[in-house]
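Peer 1: Got a predicted structure plus its sequence, pasted below:
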Amino acid sequence: MDTLAAPRRRFVVSLAFALLALAPSGALAADSAPPSFTSSRPADDALGPARKAIDAKDWARAVQLLEEVKRSRPDDADVHNLLGFAERQRGNLDAAFAHYERALQLNPKHRGAHEYVGEAWLHVGNLGKAEEHLKALDKLCPFSCEEYRDLKKEIAEYRKRQAAVH
């Protein structure tokens, strides 16, 4: 029996807790929200109506509202990510890609933008680009995260569909 097993286990657990304690406040929180949208800001009333339009799948209204918010917050990665999502849902992929790119320029660690642009790449048949964003999420989410799991699932489903076709 290894007499050092229990002390090693205690050390590993203590180290994990210490690292979590040292992480910046909010470091483990999402950089953006999934479609059931909760703002990355504590009270972001400006995005509330747009989030309601997205929840209602009223893409045109969501884009209109988000464009209004963007006028006062042109460098807000969350706004660009949501604009990308809404544009993608209404089939405007050029605009969606442009907004995702801008969101990632503003915040390269924006997990929602990585997930959504990965899904957009799958939509246009570019598995390699989707996998690049999955790898980025893997680095951003050392203990996994919803965005990583969602994109991984979408990639697996994409591969299944492709295998069924060939």
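Peer 2: Structure received.
Peer 1: So which residues make contact with stretch 109-118?
Peer 2: Outside stretch 109-118, the residues that touch it by CB atoms under 8 Å, 6 or more residues apart in numbering are 30-34, 77-78, 80-81, 84-85, 88, 96-97, 100-101, 103-104, 107, 129-134, 136-137, 140-141, 145, 147-148, 150-151, 154-155. Where C-beta positions appear, they are placed from N, C-alpha and C, glycine not excepted.
Peer 1: again with stretch 149-162
Peer 2: Stretch 149-162 is contacted from outside by 34, 114-115, 118-119, 122, 127, 130-131, 133-134, 137, using CB under 8 Å, 6+ apart.
Peer 1: let's go with 10 Å and repeat that
Peer 2: 34-35, 111-112, 114-119, 121-123, 125, 127, 130-131, 133-134, 136-138, 141, 144 (CB atoms under 10 Å, 6 or more residues apart in numbering).
Peer 1: What values do phi and psi take at Trp121?
Peer 2: Here is the backbone geometry of Trp121 (degrees, to the nearest 10): phi -60, psi -40.
Peer 1: And Met98, how far from Lys139?
Peer 2: I think there's a mix-up here, since residue 98 is Ala and not Met. 24 Å (CB to CB, to the nearest Å).
Peer 1: Then Ala96?
Peer 2: 23 Å.
Peer 1: In terms of packing, which of the two has more residues around it?
Peer 2: Per other CB atoms under 10 Å, whichever of Ala96 and Lys139 has more neighbours is Ala96, with 23 against 10.
Peer 1: That one is in what secondary structure piece?
Peer 2: helix 93-106 (DSSP states H and E).
Peer 1: which helices and strands does that helix pack with?
Peer 2: helix 59-72, helix 77-89, helix 111-123, helix 127-140 (3 or more CB pairs under 10 Å, 6 or more residues apart in numbering; DSSP states H and E).
Peer 1: angle of it against helix 111-123?
Peer 2: Using axes from the mean of the first three to the mean of the last three CA atoms, to 10 degrees, the inter-axis angle of helix 93-106 relative to helix 111-123 is 150 degrees.
Peer 1: where does the chain dip in pLDDT?
Peer 2: Scanning the chain for pLDDT under 70 picks out 1-44.
Peer 1: any idea which helix is longest in it?
Peer 2: When the chain is parsed with DSSP state H, its longest helix is helix 146-165.
Peer 1: can you give me the offset of it from its chain's centre?
Peer 2: 16 Å (CA atoms, centre = their mean, to the nearest Å).
Peer 1: buried sites along that helix?
Peer 2: Buried residues in helix 146-165, counted by 16 or more other CB atoms under 10 Å: 147-148, 150-152, 154-155, 158.
Peer 1: Noted, bye for now.
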